[in-house]
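Q: Sequence and predicted structure, then a few things I'm wondering about:
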Amino acid sequence: MSGICGILARSAISALFLLSVLVTSVAAEVSFAKDRLRLITGDGRAHDLTVELAIDPDQREQGLMYRRQMAPDHGMLFDFGETRRVMMWMKNTYLPLDMLFVSQDGTVRTIHENAVPLSEAIIDSRESVAYVLELNAGTVKRLGIKPGDRLQGAGIAAP
């Protein structure tokens, strides 16, 4: 009996390993262009960020899933190509994140701080937006970001 159990256990481990390789390779196939983005806070301070652009459906679906780290002044800008209410989640996302929900003209409308890694809880923009900017958790507090602050660059139309 133990011989069969050992073979089954090794087969299960091999299958899990193969599945993890497939998931990782699928994640690696989605690539993102980078751009510069300037965040201007209500008190006039400017913070330059490097962002990866999630523009097409595959990029938006992938987002920052499976990433284990991100540089301090980097992020990901999701461009939905329209203004609408947006629902995000943290499934397969290992990094805790701050999310800025941004209108068509680059105004930060709502903020969700410290999104919980790997959570499937829905994070709602609570109003219609055109973009979501994901940053490392703690960035909102560190830079003093508030609703009404503005983003410029990376394809965001100037007001």
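A: Here it is on my side, so go on.
Q: need the helices for the chain, in chain order.
A: Defined through DSSP state H, the helices belonging to the chain, from first to last, are 2-29, 57-62, 139-143.
Q: What ranges does this structure have for its strands?
A: Secondary structure of the chain (DSSP state E): strands located at 34-40, 46-54, 74-88, 97-102, 108-115, 123-136, 150-153.
Q: According to the record, where do the domains of the chain fall?
A: Following the assignment in automatic domain parsing, the chain carries domains at 1-30, 32-153.
Q: Using a markdown table, lay out the ones you listed together with mean neighbour count and mean pLDDT.
A: (Glycine included, C-beta is placed from N, CA and C.) Below are those laid out as a markdown table (neighbours: other CB atoms under 10 Å; pLDDT from 0 to 100):
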| stretch | mean neighbour count | mean pLDDT |
| --- | --- | --- |
| domain 1-30 | 10 | 52 |
| domain 32-153 | 17 | 96 |
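Q: who's in contact with the residue lying closest to residue 147 once chain neighbours are set aside?
A: Distance criterion CB to CB, 6 or more residues apart in numbering; nearest residue to residue 147, sequence neighbours excluded, is residue 108 at 5.4 Å. When the contact criterion is CB atoms under 8 Å, 6 or more residues apart in numbering, the partners of residue 108 are 100-102, 145-151.
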